[in-house]
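1. dropping a prediction and its sequence here:
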Amino acid sequence: MSTASSGFSLKEWVFTTDHKRIGILYLIGSIAAFTLAGLMALLIRIEQSSLGPTIVNPNTGGDQYNVWLYFHGAAMILGFLIPGLTGFAANYFLPLMIGAKDVAFPRINALSVWLFFGGIVLALLTFIVSDPPDVMWTGYPPYSIRTGGNTALYVFTVHLLGFASILGAVNFLVTVIYMRAPGMGWNQMNLFVWSTVTAFIIQLVFVPVLAAAVTMLLFDKYLGTHFFDPSAGGDVLLYQNLFWFYSHPAVYVILLPALGILFEIISTCTRNMVFNYKAAVYGGMWGIVLISGEVWVHHLYISGMPDWIRIGQMVSTLLISVPVGLLTISLFGTLYRGAIHFTVAMHYALGCLFLFLVGGLTGIPLAMTVLDVHLSETSFVHAHFHFIMGIFAAFTVFAAVYHWFPKMTGRLPGAAMGKLGFWLNIIGVHVTFYPLFWIGVKGMPRRYYDYQMFPEFEPFHKIATLGAFIVAAGMAVTILNWIISAISGEKSPENPWKSGSLEWTHCPSPPGPGNFPKDVTVTADWHPYTYGKN
Amino acid sequence: MSNHAAGHTHHWEFSWAPMVLTIGIVLVVPLTFVSWFVYKNPTLAAGFAGVGVPLLLVGISKWVAEGLSHKPLIEGVSPSALPIFIISEVFIFLGLFVSYWTMRLSAGGAWPPAGTPEHMNLALPVVMTIILVTSSVTYHVAEEKLDHGDLGGFRGWLFLSIILGLSFLGCTIYEYSHLLHEGFGPSTNAYSTAFFSITGFHASHVLVGLGVFLAVLIPALAGKTNKYFTFCAGMYWHFVDVVWFFVATQVYYW
């Protein structure tokens, strides 16, 4: 590795091994994926705004629509949420929060981010090849094997992003174990650090199983093997089991760092110690890690299974609300008697609490088998997971960008445009998804581009489409605000939100190479959330 | 990383190895596979592989060279990092084994399914086990030699380990060609599906292990070694060795 002098240098950016610059690269890549996936969402909404084919080609309508669904799902989850939270946020903030100069393996970190971009490039080939993948983000056989679409691109996208995640997991776990500032005990770590550790443990264990599953898909489709082919002794449900064995825990990979970000913002902006720190860490976060691996079967309620498994899965699925409840109590408890400062990030954080409530409560009927048999594959499910996983987690990424904007750029984010963007976003998502909850209960199926059999749903779809455009306007304002503020925003003081966390108290904004001007050590009475004292 | 890692660095650090390596990986694996198997375009596949393989080799060489010549930010943590990585390797093998067990147990008594050769060669896996265990021992001896400062002995025993690893792969090729000749290929039946996937995936790990050994041996010829890298190469090799016990017992002898 080489070193070079200060000043902007393209070479130092593209070949960087610095965790902060890698974090920024992750942010750029994941926002790009978000934007494209968001455009797909708009196409989907426009298509559904009227009965029959609206903008799809009536002859190939289904295939074309499937490609949009594929790209929207895969790019949002694998290209935006996971890299946005465990790539961007973890890279930029985690080493700063524990007082480290960098991660343990800076070059492996760089390898991770470029593998992530490799995955993005493969996903982008969707728009170039004549046979784009059309397998949702789930890739269920037998469709994914029989389709004329290019399932291989889907498989390799998962491989590259998965490999990037595993390398990230190894890197960050070692970093937290060995590179904390001298004196920093386990119970003195920021909750974002804990949440990243637990999320990476889940990635480490479960991503390989997804990699194995999609590899078998690849072999079945292109090498003629029979893993998922019942006619030759394979098992088609095997894929669904392996897929959700990863992809349900993947929800917690997104949830945990998202909650970690909320803890940082809410604690700082309410000037309160995090309520029930240890319960949040050991009960909430570790509880989720413990239970995450035994709830996946609830994705297969209607795929066929003995009733006794359904009951057991219902219990374990509902059980996950215990650790999640502990974390929620900690979040709300932190607000209690706080001196709340309504920064833009705090707007998003409070909005997230509301989204989390709606998304969480609509999850309970879906955990119940008796109700889920009716609601499964309807737009109720679609609206539920968009609230709890999609929008909630996306809002935490935006909150993180706003909260740490001064840290990353040395400038304050524009508050007026930020709040305008927030209100457009939160109003837009409610306008979009409340109608979908409602018609879902009435029987509107997911994933259909044409719903001629349900003409009564058309007005609801029109409202949902309107909502999607409100969100698009909100996101345009938000991203524009970031660009304007980064270029010409007001210069920020060193610690604009008066945080007690190391990344604000001990290093300049933006931090230079090596992060900290002086080596950081912390004392036994130091804690990132000691706000009660000031 | 910088030479004054112990103190403060005032420079942005960079390395082009990760990006070159990534481009190599993307060209060699996804793009070559897609060109060959999806678009049936051998010229395109050869083109991707032809550009990708040199990039891969250049990237790895640069990476190893940097690793041997620069002092890292924190030293000696790689022996703790590799076991964490191995956890995920264990789970990828588990995914394959679980699929095999599912197919096998749901087949009832009809196992092995039609199309499987009457007599699988069960002597060869014994030979392969002996080869692989021996190679783990020889690598251990190589490490001992290095600990005692005997660089020549280290090179010799490492070279022997590589030869043993290559003979293991030779056995695999011999076995595969015989089975394919008998009409037992990946697409024959459920057993062949699991057999070729699991043994093939294990063999690919042996290949990676040999690549790592080469990356240890070549600098060692110039007198450059790193005890953590050497240790990790061995740990990975022993892991691949342990996996083989599961492959042999589950796929051949059950």
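-> The structure has been received and is ready for your questions.
2. and the strands in chain A?
-> With strands called from DSSP state E, chain A shows them at A:2-4.
3. so which residues on the stretch 51-200 of chain B come close to chain A?
-> B:63, B:66, B:70, B:72-74, B:77-78, B:80-81, B:84-85, B:87-92, B:94-96, B:98-99, B:102-103, B:106-107, B:113, B:185-187, B:189-190, B:192-193, B:196-197 (C-beta under 8 Å from any C-beta of the partner chain). Just so you know, the C-beta spots here come from the backbone N, C-alpha and C atoms, and that holds for glycine as well.
4. now those residues: which count as buried?
-> Burial by neighbour count, 16 or more other C-beta atoms under 10 Å in any protein chain shown: within those this picks out B:63, B:66, B:70, B:72-74, B:77-78, B:81, B:84-85, B:87-92, B:94-96, B:98-99, B:102-103, B:113, B:185-187, B:189-190, B:192-193, B:196-197.
5. list the ones among these that fall in helices.
-> Judged by DSSP state H, these include B:63, B:66, B:78, B:81, B:84-85, B:87-92, B:94-96, B:98-99, B:102-103, B:190, B:192-193, B:196-197 as members of helices.
6. look up how far A:Phe206 lies from A:Val103.
-> 22 Å (C-beta to C-beta, to the nearest Å).
7. cool, and A:Ala74?
-> 17 Å.
8. can you check A:Met346 too?
-> 33 Å.
9. who's more crowded, those two?
-> A:Phe206 (26 against 21; other C-beta atoms under 10 Å in any protein chain shown).
10. so what's that one up against?
-> Taking C-beta atoms under 8 Å, 6 or more residues apart in numbering or on different chains, we find A:Phe206 in contact with A:Phe245, A:Tyr246, A:Pro249, A:Ala250, A:Ser292, A:Gly293, B:Phe91.
11. just give me the least confident of those.
-> Within those, pLDDT reaches its minimum at A:Gly293, with 90.
12. skip the chain neighbours and tell me the closest residue to residue 65.
-> Just so you know, I chose chain A. Sequence neighbours aside, A:Tyr449 is the residue nearest to A:Tyr65 in space, at 4.0 Å (criterion: C-beta to C-beta, 6 or more residues apart in numbering or on different chains).
13. sorry, should have said chain B
-> B:Pro219 (7.6 Å).
14. how close does the residue most central in space within chain A sit to chain B?
-> Using C-alpha atoms, centre = their mean, the residue of chain A that lies closest to the mean C-alpha position is A:Leu81, 2.6 Å off. Distance of A:Leu81 to chain B, given as C-beta to the nearest C-beta, to the nearest Å: 20 Å.
15. do I have it right that A:Glu47 meets A:Tyr65?
-> Yes. Assessed by C-beta atoms under 8 Å, A:Glu47 is found in contact with A:Tyr65 at 6.3 Å.
16. give me the common contacts of those two.
-> The contact lists of A:Glu47 and A:Tyr65 share A:Val56, A:Tyr449, where a contact means C-beta under 8 Å, 6+ apart.
17. quick one: B:Glu13 is in a strand?
-> Yes. B:Glu13: assigned to a strand according to DSSP: H, G, I helix; E, B strand; the rest coil.
18. name the nearest residue to A:Ser247, sequence neighbours excluded.
-> Distance criterion C-beta to C-beta, 6+ apart; nearest residue to A:Ser247, sequence neighbours excluded, is A:Leu210 at 6.7 Å.
19. closest residue of the stretch 401-534 of chain A to chain B?
-> Closest contact between the stretch 401-534 of chain A and chain B, by C-beta to the nearest C-beta, is at A:Gly514 (4.5 Å).
20. what pLDDT does that residue get?
-> 90.
21. tell me, how many residues neighbour it?
-> A:Gly514: 21 neighbours (other C-beta under 10 Å).
22. just B:Ser136 next, same as before
-> 18.
23. what residues does the stretch 1-150 of chain A have near chain B?
-> Close to chain B, as judged by C-beta under 8 Å from any C-beta, the stretch 1-150 of chain A has residues A:1-6, A:9, A:11-12, A:14-18, A:21, A:101-102, A:104-108, A:110-111, A:114-115, A:117-118, A:121-122, A:131, A:150.
24. I'd like the average pLDDT over the one helix or strand B:Gly165 maps to.
-> For B:Gly165, the element it lies in under DSSP states H and E is helix B:151-181. Per-residue pLDDT over helix B:151-181 has a mean of 97.
25. so which elements touch that helix?
-> Counting contacts by 3 or more C-beta pairs under 8 Å, 6 or more residues apart in numbering or on different chains; DSSP states H and E, helix B:151-181 packs against helix B:124-147, helix B:190-221.
26. what's the most buried one of these?
-> Per-stretch averages of neighbours, counted by mean count of other C-beta atoms under 10 Å in any protein chain shown, single out helix B:190-221 among the helices and strands packed on helix B:151-181, with a mean of 20.
27. quick one: that helix to helix B:151-181, angle?
-> 160 degrees (axes from the mean of the first three to the mean of the last three C-alpha atoms, to 10 degrees).
28. I appreciate the help and will end here.
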